[in-house]
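Asks: Can you look at this prediction? I've put the sequence above it.
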Amino acid sequence: MSRITLIIVGLILSVCPLSSYAQDEASGLLDVRTVTVKPNRAAEWESLQLDLNAAREAAGLPGRSFWQVLVGSLDTYYIVTEIEQ
């Protein structure tokens, strides 16, 4: 695992307990997925993910957060979704 991946996961995990204290019904579990997109298709992928996120929220499903790597492999994204128990 790269150093940046570990930093991002550490930041996400450090924020989780804070959100679970603020909301009693929050599970505190996250699903983190790593996606690598072809460089010439990144804009199309981002647009599709924004549309998909809007459709999920309209259907009453929780939205997802997207994080892009800013140093190193710029075509890598992290999709973070809260897991319902």
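Replies: Looks like it came in fine.

Asks: Tell me who's in contact with residue 32.
Replies: 9, 12, 78, 79, 80 (CB atoms under 8 Å, 6 or more residues apart in numbering). For glycine as for every other residue, the C-beta is placed from the backbone atoms N, C-alpha and C.

Asks: just the helices in the chain please.
Replies: 3-22, 42-58 (DSSP state H).

Asks: By mean pLDDT, show me the worst of those.
Replies: Mean pLDDT is lowest for helix 3-22 among the helices of the chain, at a mean of 61.

Asks: Next, count neighbours for residue 68.
Replies: For residue 68, the count of nearby residues is 12 (other CB atoms under 10 Å).

Asks: What of residue 48?
Replies: 11.

Asks: And it, how far from residue 35?
Replies: Here the criterion is CB to CB, to the nearest Å. By it, residue 48 lies 12 Å from residue 35.

Asks: Kindly report the same for residue 46.
Replies: Counting by CB to CB, the gap from residue 46 to residue 35 is 11 Å.

Asks: ok, now residue 41?
Replies: 11 Å.

Asks: ok, now residue 83?
Replies: As judged by CB to CB, residue 83 and residue 35 stand 18 Å apart.
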